[in-house]
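> what would the 3D arrangement of this be:
(one chain, ligands or ions: 1)
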Amino acid sequence: MTPTKNYDVKDATLAEAGRRRIEWASREMPVVKLIRERFAKEKPLAGIKISACLHVTSETANLALALKDGGANLILCGSNPLSTQDDVAAALVEYDIATNAIKGEDQVTYYKHINTALDQEPQITVDDGADLVSTLHTERSKLVGNVMGGTEETTTGVIRLRSMEKSGDLKYPIIAVNDAQTKYLFDNRYGTGQSTIDGITRATNILWAGKKVVVCGYGWCGHGIALRASGLGAQVIITEVEPVRALEAVMDGFQVMPLIEAAKVGDIFITIAGNKNVIDEAHFRVMKDGAILANSGHFNVEINIPALESLSNGKQQIRPFVDGYNLKDGRSLYLLGEGRLINLAAAEGHPANVMDMSFANQALCMEYIVKHRGELKTKVYPVPEEIDKQVARLKLGSMGIDIDKLTPEQEKYLSSWQEGT
Ligand SMILES: NC(=O)c1ccc[n+]([C@@H]2O[C@H](COP(=O)([O-])OP(=O)(O)OC[C@H]3O[C@@H](n4cnc5c(N)ncnc54)[C@H](O)[C@@H]3O)[C@@H](O)[C@H]2O)c1
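Sure thing, here's the model as predicted:
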């Protein structure tokens, strides 16, 4: 294969290792594989310029290959400075996919890579967190007119896009892939649940059994983290701001309390709220010596790191992804992965098996945008129900699981009101 131009990766010689990793992930991504095979025949994305800002992992690589086989001209950049798998990025270049992402890149390089992805004047944008879309709508707004539509992968991105829609700033239709049931019920819950525990374990090698684990935010990701931490024997405490979710956490068997109380007793704190300064100075002040802090939410703003720095005399790296902060009062607090999403910083992100569903939704939504070009309004759309159902059916099929069908009598019963007691 002739390597593509217009790329920036850490080390091209890592390609062979990356290729093996991509192939390994593909074994767990049967739905994306089926879509890729169909795309290769039907070419639904023929000649479409797609700029994608995603975590550059082996799972993303399988989506990228499906889009390329579908005929797209794809350029890829990372959606977080710490989430890129450098070997996968190198392999993608060999697969002729212009990839611009380096693990550990600084802020300037991160945005340079986003701008490189935008240089091809995309017709479709694919985003994870809406950094590419917001750059396109601000610094590169002249390019907006070329775009027929976009997709967004994560909760935080969808929140930002809905805010753009509300203020009248959104300039083209975007499908909120995150909001498909076959995405958030699996990727956010089981994917983030397992991989966050994995990231913290790889970074620290702690024993979870017996630890007091404080999970800040009981959304779908929080559900998954709490479930898995408790499965490992941890005592889980939930903090929330939404009463219904707090109540759900109580009835799921977890302790619920304000963070200022939980801060005094927690051994490990995990933010997953998609919000700013969730753990703040007041909380650091009362934490136990040796407490561990990790974030798995999209941006590194959930733990107030400047406040932690101002309370400290200094910090040192204890081991990769573990920084020890020496507080002026003699305590130490340990921050993992610089407060960036720990499952991608210290581990490999979600297992391929759940990304199979998220990325099947992505591929099918891009096909949908092309089929419906010119018909969609400038707004944030949900994933069409037929796509969501199709992904679930294909996934069940790939697992060899059949389900029942409604009888005509049941269909009639469910659509009528006359029959009662
Ligand atoms: N690490 C990953 O791989 C990964 C995967 C999917 C989503 N995410 C990100 O994780 C974050 C959460 O996603 P989600 O789908 O669970 O969102 P969600 O909206 O379902 O849940 C977030 C929860 O946090 C709560 N919350 C908000 N502010 C809070 C505060 N100050 N204290 C306590 N709770 C608070 C909200 O009430 C809500 O219940 C987002 O940033 C999302 O983009 C990360």
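> what's the following helix or strand after the lengthiest helix in the chain?
Longest helix in the chain, counting residues (DSSP state H): helix 352-371. Using DSSP states H and E, the next helix or strand after helix 352-371 towards the C-terminus is strand 380-382.
> partner strands of that following strand, parallel or antiparallel?
Looking at strand 380-382 with DSSP bridges, its partner strands are strand 174-176 (parallel).
> counting contacts, what elements does the next helix or strand after the partner strand pack onto?
Downstream of strand 174-176, the next assigned helix or strand under DSSP H and E is helix 181-183. Secondary-structure packing of helix 181-183 (3 or more C-beta pairs under 8 Å, 6 or more residues apart in numbering; DSSP states H and E): helix 352-371, helix 385-398. For the C-beta atoms, the positions are set from N, CA and C on the backbone; glycine is no exception.
> can you redo the ones you listed as CSV with distance to the ligand?
Output for the helices and strands packed on helix 181-183, formatted as CSV (distance: least, C-beta to the nearest ligand atom, whole Å):
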stretch, distance to the ligand
helix 352-371, 9
helix 385-398, 16
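> tell me the most buried of these?
Among those, helix 352-371 has the highest mean neighbour count (mean count of other C-beta atoms under 10 Å), at a mean of 25.
> that one packs against which elements?
Using 3+ C-beta pairs under 8 Å, 6+ apart, helix 352-371 sits against helix 15-26, helix 30-42, helix 58-69, strand 124-127, strand 149-152, strand 174-176, helix 181-183, helix 385-398.
> hang on, His298 in a helix?
No: secondary structure assignment (DSSP: H, G, I helix; E, B strand; the rest coil) places His298 in coil, not in a helix.
> over to it: give its phi and psi.
phi -60, psi -50 (degrees, to the nearest 10).
> now do the contacts for the closest residue to it other than its chain neighbours.
Once flanking residues are discounted, His298 sits nearest to Thr156: 3.7 Å by C-beta to C-beta, 6 or more residues apart in numbering. Applying C-beta atoms under 8 Å, 6 or more residues apart in numbering, we find Thr156 in contact with 129-130, 274, 297-299.
> can you give me the helices in the stretch 201-350 of the chain?
220-231, 243-251, 259-265, 281-286, 305-310, 342-345 (DSSP state H, counting those that start in this stretch).
> quick check: closest non-adjacent residue to Met164.
In space, and not counting its chain neighbours, Met164 is closest to Leu170: 4.1 Å by C-beta to C-beta, 6+ apart.
> could you look up the SS state of that neighbour?
Using three-state DSSP, the secondary structure recorded for Leu170 is coil.
> show me which residues of this protein sit near the ligand.
154-156, 184, 188, 192, 216-222, 239-242, 245, 272-275, 278, 296-298, 341, 343-344, 349 (C-beta under 6 Å from any ligand atom).
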